[in-house]
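Asker: show me the folded form of this:
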Amino acid sequence: MSPNAEGNTAPGGELQPYRQQLDEINQALMNLLAQRMEVCRVIARVKSANGIPMMQPHRVTSTLEMAKSMAPKHKLRPEYVGDLFALIIKETCDEEQRLMDALDQSHVEE
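Answerer: Sure, this is the predicted structure:
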């Protein structure tokens, strides 16, 4: 059988159930990322209200180490999981900082 326009040798119909599963998993990942970010926003408010610095290096390190150590159990490369979590953590830290800066600014204006 020759490859189709997408480079697949299987008819598109055979791939559809798997693509559907991937679409559902992608939606679940988006929901989890949104939930995670919302928790980080709550954490930012608590940090701001209590004078706790945004950056907690020990927490970042322990989260990355935990994620990488769990990777093999899930048949994933630790480097892949580490890179992915590093990106997620960077974005949540950036969001925490933006929120904390905004909260600090609102206190200054009062």
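Asker: shaky segments in this structure?
Answerer: Per-residue confidence of the chain (counting by pLDDT under 70) places the weak regions at 1-11, 109-110.
Asker: and whichever helix or strand Val39 is part of, what's buried?
Answerer: In this assignment (DSSP states H and E), Val39 forms part of helix 12-50. Counting neighbours by 16 or more other Cβ atoms under 10 Å, one finds that the buried residues in helix 12-50 are Cys40, Arg41, Ile43, Ala44, Lys47, Ser48. (C-beta placed from N, C-alpha, C; glycine too.)
Asker: can you tell me which of the residues you listed lies nearest to Ala71?
Answerer: Looking at those and their distance to Ala71, the nearest is Cys40, at 22.1 Å (Cβ to Cβ).
Asker: tell me who's in contact with the closest one.
Answerer: Residues near Cys40 by Cβ atoms under 8 Å, 6 or more residues apart in numbering: Thr92, Glu95, Glu96.
Asker: likewise for Leu64?
Answerer: The neighbours of Leu64, taking Cβ under 8 Å, 6+ apart as the test, are Gly82, Phe85, Ala86, Ile89.
Asker: check contacts around the residue nearest the centre of the chain.
Answerer: In the chain, the residue lying closest to the centroid (Cα atoms, centre = their mean) is Ile88, at 3.7 Å. With contacts taken as Cβ under 8 Å, 6+ apart, Ile88 has the following neighbours: Leu33, Arg36.
Asker: mind listing what's buried along the helix or strand where it lies?
Answerer: Take DSSP H and E as the rule and Ile88 turns out to sit in helix 78-109. Within helix 78-109, the residues that count as buried by 16+ other Cβ under 10 Å are Val81, Gly82, Phe85, Ile88, Ile89, Thr92, Cys93, Glu96, Leu99, Met100.
Asker: now the two most distant members of the residues you listed.
Answerer: Distances among these were taken as Cβ to Cβ; the most separated pair is Val81 and Met100, at 27.7 Å.
Asker: the helix holding Val39 vs helix 78-109, what angle?
Answerer: For helix 12-50 against helix 78-109, the angle by axes from the mean of the first three to the mean of the last three Cα atoms, to 10 degrees is 40 degrees.
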